[in-house]
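1. okay, predicted coordinates and the sequence, questions at the end:
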Amino acid sequence: MLFPKDGTAQGVAKQRLIESLASPNRRIIHDPFAERFVLGSSLIKIIGHKLNVKLTQKLIPGFHEHLISRTRFIDDLVERIAAAGIEQYVILGAGYDMRAHRLKLPFTMQLFEVDQLQVQRRKISKLPKALKISDRVSYISIDFNHQSLKTQLLNAGFDTSKSSVFTLEGVSQYITKAALCSTLSELVKLTVSNRSTFFMSYVDNRLRDDPKACFGPGYPWPAKKAATIMKLAAKLGEPWISLYSAEEIEQTLSEFGFTVSENKSLEDLNETYFTPVGRTLSENHIFKLEHFVVAEHSSD
C-alpha cells in the first residue's frame with residue numbers, strides 16, 4: 001500500500017484548522033475547508049488558536065509550526081510555478097488536501113488527486129456540494145499492487161505533452177524506498193516530452209542515531225521526543241519505515257533525471273514565514289526532522 005490511511009490525513013488537516021483560527025494578520029496559512037475532515041472540530045474551534053498551539057507545544061514543541069510551514073512552502077511553490085505556466089498539478093497521497101480550491105490557480109490548470117479509494121470517498125462526501133463536481137479536478141483511486149500510476153493518470157486525462165508539477169507531501173516515511181523509486185519511474189514516463197517539477201518531503205535518517213541533529217539547540221529531550229514521535233506513528237498503524245539523508249535523496253532523484261533546486265526545513269523557513277507576523281520560534285522550538293525538497297526534470 002503506497003499511501004497512509006485517514007489518520008495521517010486528519011492529523012494534518014487538524015493543524016491546518018488550528019492555524020486557520022489565528023487572526024488574519026498572524027496566521028501562516030488559511031484553510032476554510034479543514035474543519036470538515038477533523039473529528040472534534042467544534043471543540044478545537046472553541047479552544048481557539050492560541051491554546052491549541054500551546055497544547056501541541058507541550059507534547060512536541062515546534063510540531064504545529066513545522067506542519068504549517070510545510071503547507072505554506074508547497075502553497076507558495078504551486079502558486080509560483082502555476083503563474084509561470086505549469087499546466088497540470090498531480091497531488092500524490094492527496095488525503096484532505098484542498099489546494100485545488102483554496103489556492104489562486106489558473107482556471108486552465110488541470111488537477112489530479114491520487115489516493116486510496118476509502119480516503120477519497122470520505123473526502124468527497126465531506127466536500128461542499130458546489131465542489132463535489134469540478135471539471136478541473138480528477139480523483140484517481142489506485143491499488144498499487146494491481147494498477148499502474150501512469151495508466152491511471154492517462155485514463156483520467158493526464159496530458160504528457162503538458163508541463164506538470166507533482167507533490168508528495170508527508171508520505172515518503174511511510175513507504176518503502178523501492179516504492180518511492182517505482183513512483184519516480186512512473187512520473188518520468190509521464191513527463192518524457194515536457195518539463196516537470198517534483199516536491200517531496202522526507203524524514204532525516206539522523207533521527208535514529210543522532211536525534212539532536214534533527215532539532216534546534218536546546219530543544220528539550222530530543223531523543224525522547226524522537227522516540228515518542230515514532231512510537232505514536234506505529235501505534236496509529238502507520239510506522240515510519242524509510243528515512244533518508246540529503247545525499248541519498250539527491251542521488252535517488254538524480255537517477256531519474258531530477259535535479260534538486262531546494263532543500264528546506266522549519267529552521268530555514270522560520271524567518272521567512274513566522275518572523276514577519278511576530279511569531280519567530282526560538283532555537284529550542286525548532287523541529288527540523290523533516291525536509292522539504294523541490295526538484296526539476298527537463299525533457300531536454
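-> Here it is on my side, so go on.

2. show me what contacts the spatially most central residue of the chain?
-> For the chain, Glu169 is the residue whose C-alpha lies nearest the centre (CA atoms, centre = their mean; 2.4 Å). Neighbouring residues of Glu169 by CB atoms under 8 Å, 6 or more residues apart in numbering: 70, 74, 91, 93, 97, 199-201. (Each C-beta comes from the backbone N, C-alpha and C, glycine too.)

3. turn those residues into a markdown table, including neighbour count, pLDDT and secondary structure.
-> Formatted as a markdown table, the contacts of Glu169 follow (neighbours: other CB atoms under 10 Å; pLDDT from 0 to 100; DSSP: H, G, I helix; E, B strand; the rest coil):
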| residue | neighbour count | pLDDT | secondary structure |
| --- | --- | --- | --- |
| Arg70 | 24 | 98 | helix |
| Ile74 | 22 | 98 | helix |
| Ile91 | 24 | 97 | strand |
| Gly93 | 24 | 91 | coil |
| Asp97 | 24 | 95 | coil |
| Phe199 | 22 | 98 | strand |
| Met200 | 25 | 98 | strand |
| Ser201 | 20 | 98 | strand |
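
4. got a pLDDT number for Val203?
-> Model confidence at Val203, given as pLDDT, is 97.

5. ok, now Leu39?
-> pLDDT, Leu39: 92.

6. one step back: between the contacts of Glu169, which sits nearest Lys177?
-> Nearest to Lys177 among these is Met200, at 12.3 Å by CB to CB.

7. now that closest one, nearest residue through space, not along the chain?
-> Distances taken as CB to CB, 6 or more residues apart in numbering put Leu168 closest to Met200, at 4.3 Å, once the chain neighbours are dropped.

8. for Arg279, see how far away that neighbour is.
-> Distance of Leu168 to Arg279, given as CB to CB, to the nearest Å: 28 Å.

9. picking that back up, burial count for the residue nearest to Met200?
-> Look at Leu168: counted by other CB atoms under 10 Å, it has 24 neighbours.

10. isn't it up against Phe199?
-> Yes: with contact defined as CB atoms under 8 Å, Leu168 counts as touching Phe199 (6.8 Å).

11. quick one, strands of the protein?
-> If you assign secondary structure with DSSP state E, the strands in the chain sit at 88-92, 110-115, 137-141, 164-168, 196-203, 258-264, 290-297.

12. tell me the average confidence for the last one?
-> By that I understand strand 290-297. Here strand 290-297 scores 96 as its mean pLDDT.

13. and that strand with strand 164-168, angle?
-> On the basis of axes from the mean of the first three to the mean of the last three CA atoms, to 10 degrees, strand 290-297 is oriented at 160 degrees to strand 164-168.

14. who does strand 290-297 pair with, and is each partner parallel or antiparallel?
-> Looking at strand 290-297 with DSSP bridges, its partner strands are strand 196-203 (antiparallel), strand 258-264 (antiparallel).

15. same question, the second one
-> Paired neighbours of strand 110-115 in the sheet (DSSP bridges): strand 88-92 (parallel), strand 137-141 (parallel).

16. any idea which of the ones you listed is most buried?
-> Greatest average neighbour count among the strands paired with strand 110-115 goes to strand 88-92 (a mean of 24), per mean count of other CB atoms under 10 Å.

17. Ser172 reaches Phe199, doesn't it?
-> No: in this structure Ser172 lies outside contact range of Phe199 using CB under 8 Å: 11.1 Å.

18. gap between Glu79 and Arg102?
-> The value you get for Glu79 to Arg102, if CB to CB is used, is 11 Å.

19. same check, this time on Leu17
-> In this view, Leu17 and Arg102 are 13 Å apart by CB to CB.

20. which residues do these two both contact?
-> With CB under 8 Å, 6+ apart, Leu17 and Arg102 have common neighbours Asp31.

21. low-confidence stretches in the stretch 151-300 of the chain?
-> Judged against pLDDT under 70, the low-scoring parts of the stretch 151-300 of the chain cover residues 299-300.

22. scratch that, the stretch 1-150 of the chain is what I was asking about
-> Judged by pLDDT under 70, the stretch 1-150 of the chain has its weakly predicted residues at 1-5, 132-133, 144-146.

23. comparing Leu17 and Arg102, which residue is more hemmed in?
-> Using other CB under 10 Å as the criterion, Leu17 and Arg102 rank with Leu17 on top: 24 against 17.

24. what segments of the stretch 1-150 of the chain are helices?
-> In the stretch 1-150 of the chain, helices defined by DSSP state H, counting those that start in this stretch lie at 6-20, 41-59, 63-83, 99-102, 117-126, 149-155, listed in chain order.

25. the stretch 151-300 of the chain now?
-> 177-190, 206-209, 222-235, 246-255, 266-269.
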